[in-house]
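> No letters, just coordinates:
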């Protein structure tokens, strides 16, 4: 078994359909919903599609000179265009961003659109009472489209119930002020350097820059003292568009879910684990203190999760009585909807995946968990020759293993082990989320099991730590070793645990998670199809960084029982976002300035 920092689940890589194992749930037909609800949903969806269409049209207008001139003509004089149709990158960015946050049903986005489109509709209505404007049919079309958008907003009002972070307005103000100064300053310098008209003042250049930030059309031509090349105009517009997008993000970002596991919550989770901990080998990892927890109304079940990048990322199965799981899942999904978080579950079992599917989530098989049943484990036979030889070679080199519960290790020895584990860690980042506890030596984890390996001179060279899995099981949490030690040391330690486990009252051990194990296994068989062979080649390529194949090979040595684990998600389009969030949670990706 190769050395690694800790047990963890690599971020999901979307699989082709031939490699997917899905649990499907079809939501109730739309016709079973009340008529008012159906109309509201369709109205809310129509606002999103209107904004998407306007984003495409604005981008096309920026890229196409004839189209842009046509739009500008209809925005001047006696013509006007529908809401957000201005042929500028700022308008395109605004429409695109609003489409995204409206799709997430954010209340602030609904209010923002209504405050912009409502007065604009009123202005159009007043303009149509005057002869020069009402004579043009296009103005009636623009007013009708804007009116339909406002009507759809009002009809779908109750669908936009997702709340934002209370700190968003202050953050948006700070981002807007700082971004405008930076982009406006850079734009003004660019305009000053490229201006072809002599005698322009600083005031003229600033005014030209701000107008160019709104539109690349004739709006800025009102400053005759400045004339910059076309590429400079577009660059200024892009700078302002980026600033505007940052302001919008700050305005509408989802709450970060900063509430972590409280002491009272931890006690309640431990009570659930005492009663139902044998159901899921990953259950103990719900006690990570960078997670939050939400309980069912009865308090008999709970879902542990962490919010990362607007994704509410749960891990493993719900804790507690399976009959109470639906209540906990409903509460978790309701909180995700309320805050516009994307719900996702990493590493659910097939039983839990089926329950999640009944709540509208789809499932993608991520891989398999390796579980060794000690009643069937033996070192005899040809299939175990490699493991047996590695075990004997390390033992002859003088290495020994000591197996103890954490509570039986004196504080001074535990401090030394923790220090060595930190020293042996590869890199500064502590990896793991779904299959790692994230701490070592905490007094509250006394039932965890430590394997300490020493060489012939008595120096510590490696350690393994396992968390409890009910009363008679263990689940691998941490693997650390001195990289200068004997090869095969991890195999030796695992075998020693399996041979001594009965003395601890253990009859099953969960080892590492093997991502997409079935792809490696079936893809290597005679007669495997071209799609499966291609997918296996892709995973082999990614194994250079994520140890995907090596973890499968290392676990397969022990002839384990393979238990499938699933990724649960609401929409397939959310998978890239969920993959990014899981990569951050597991420690594969660390953003600057973010924990």
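Okay, I see it. All figures in this text were calculated on a predicted structure; none of them were measured in a lab.

> For the nearest residue in space to residue 286 that is not next to it in sequence, give its distance to residue 338.
Closest residue to residue 286 apart from its sequence neighbours, by C-beta to C-beta, 6 or more residues apart in numbering: residue 304 at 3.7 Å. Placement of C-beta: from N, CA and C, glycine included. Here residue 304 is placed at a distance of 18 Å from residue 338 (C-beta to C-beta, to the nearest Å).

> These two: which has the busier surroundings?
Set residue 304 next to residue 338 and count neighbours by other C-beta atoms under 10 Å: residue 304 wins out with 25 against 13.

> you'd agree that one is in a helix?
No - applying DSSP: H, G, I helix; E, B strand; the rest coil, one finds residue 304 to be strand, outside a helix.

> so what's it bridging to?
Judged by DSSP bridges, the bridge partners of residue 304 are residue 293.

> State which strand of the protein is the longest.
Criterion DSSP state E: the longest strand present in the chain is strand 362-373.

> and whatever helix or strand comes next after that strand, what's its mean pLDDT?
Proceeding N to C from strand 362-373, the next assigned helix or strand is helix 385-396, under DSSP states H and E. Here helix 385-396 scores 88 as its mean pLDDT.

> Equivalent analysis for stretch 85-102, please.
Mean predicted confidence for stretch 85-102 is 81.

> tell me which residues in that stretch are buried?
For stretch 85-102, burial by neighbour count (16 or more other C-beta atoms under 10 Å) applies to 85-102.

> Could you do stretch 398-409 as well?
Judged by neighbour count (16+ other C-beta under 10 Å), stretch 398-409 contains these buried residues: 399, 401, 403, 406, 409.

> Where do the helices of the stretch 201-350 of the chain begin and end?
202-214, 230-252, 263-276, 325-339, 350-357 (DSSP state H, counting those that start in this stretch).

> ugh, typo on my part, it should be the stretch 51-200 of the chain
In order along the chain, the stretch 51-200 of the chain carries the following helices (DSSP H, counting those that start in this stretch): 65-74, 89-103, 107-127, 131-134, 137-155, 168-194.

> By mean pLDDT, show me the worst of those.
Lowest mean pLDDT within those: helix 65-74, at a mean of 58.

> so what's residue 466 scoring on pLDDT?
pLDDT for residue 466: 94.

> Excluding chain neighbours, what is closest to it?
The shortest distance from residue 466 to any non-neighbouring residue, by C-beta to C-beta, 6+ apart, is to residue 474 (3.9 Å).

> Assumed that neighbour was part of a helix.
No - with three-state DSSP as the criterion, residue 474 is strand rather than part of a helix.

> what's the burial count for it?
27.

> Stretch 93-104: how far from the chain's middle?
19 Å (C-alpha atoms, centre = their mean, to the nearest Å).

> Any regions of the stretch 201-350 of the chain where pLDDT drops low?
Scanning the stretch 201-350 of the chain for pLDDT under 70 picks out 215-221, 252-259.

> Now with 80, please.
Counting by pLDDT under 80, the stretch 201-350 of the chain shows low-confidence ranges at 212-223, 244-245, 248-261.

> Next: the stretch 351-500 of the chain.
Applying pLDDT under 80 to the stretch 351-500 of the chain flags residues 425-434, 484, 486.

> From residue 315, how far out is the nearest residue to residue 104 once chain neighbours are set aside?
Nearest residue to residue 104, sequence neighbours excluded (C-beta to C-beta, 6+ apart): residue 340, at 4.1 Å. Separation of residue 340 from residue 315 (C-beta to C-beta): 21 Å.

> Next: residue 473.
According to C-beta to C-beta, residue 473 stands 18 Å off from residue 315.

> So between the two, which is more surrounded?
Neighbours per residue (other C-beta under 10 Å) separate residue 473 from residue 315, with residue 315 holding more: 25 against 22.

> which residues sit in contact with the more buried one?
With contact set as C-beta atoms under 8 Å, 6 or more residues apart in numbering, residue 315 has these partners: 282, 285-286, 291, 304-306, 345-347, 433-435.

> What values do phi and psi take at the closest residue to it other than its chain neighbours?
The shortest distance from residue 315 to any non-neighbouring residue, by C-beta to C-beta, 6+ apart, is to residue 434 (3.9 Å). Residue 434 has phi and psi values of phi -80, psi -30 when expressed as degrees, to the nearest 10.

> contacting residues around the residue of the chain positioned farthest from its centre?
In the chain, residue 131 marks the outermost C-alpha relative to the chain mean, sitting 54.6 Å out by C-alpha atoms, centre = their mean. By C-beta under 8 Å, 6+ apart, the contact list for residue 131 is empty.

> Could you check how far it is from residue 139?
Noted for residue 131: a distance of 12 Å to residue 139, by C-beta to C-beta.

> And for residue 552?
Counting by C-beta to C-beta, the gap from residue 552 to residue 139 is 65 Å.

> quick one: which of these two has more around it?
residue 552 (25 against 20).

> which one is the more buried one nearest to, not counting chain neighbours?
When the adjacent residues along the chain are set aside, residue 552 lies closest to residue 514, with 3.9 Å between them (C-beta to C-beta, 6+ apart).

> correct me, but that neighbour touches residue 551?
Yes - Residue 514 lies in contact with residue 551 (C-beta atoms under 8 Å); the separation is 5.4 Å.

> Residue 421: neighbouring residues, count only.
21.

> Now it. Nearest residue, chain neighbours left out?
Nearest non-adjacent residue to residue 421, counting by C-beta to C-beta, 6+ apart: residue 480, 4.6 Å away.

> Tell me, how many residues neighbour that neighbour?
Look at residue 480: counted by other C-beta under 10 Å, it has 23 neighbours.
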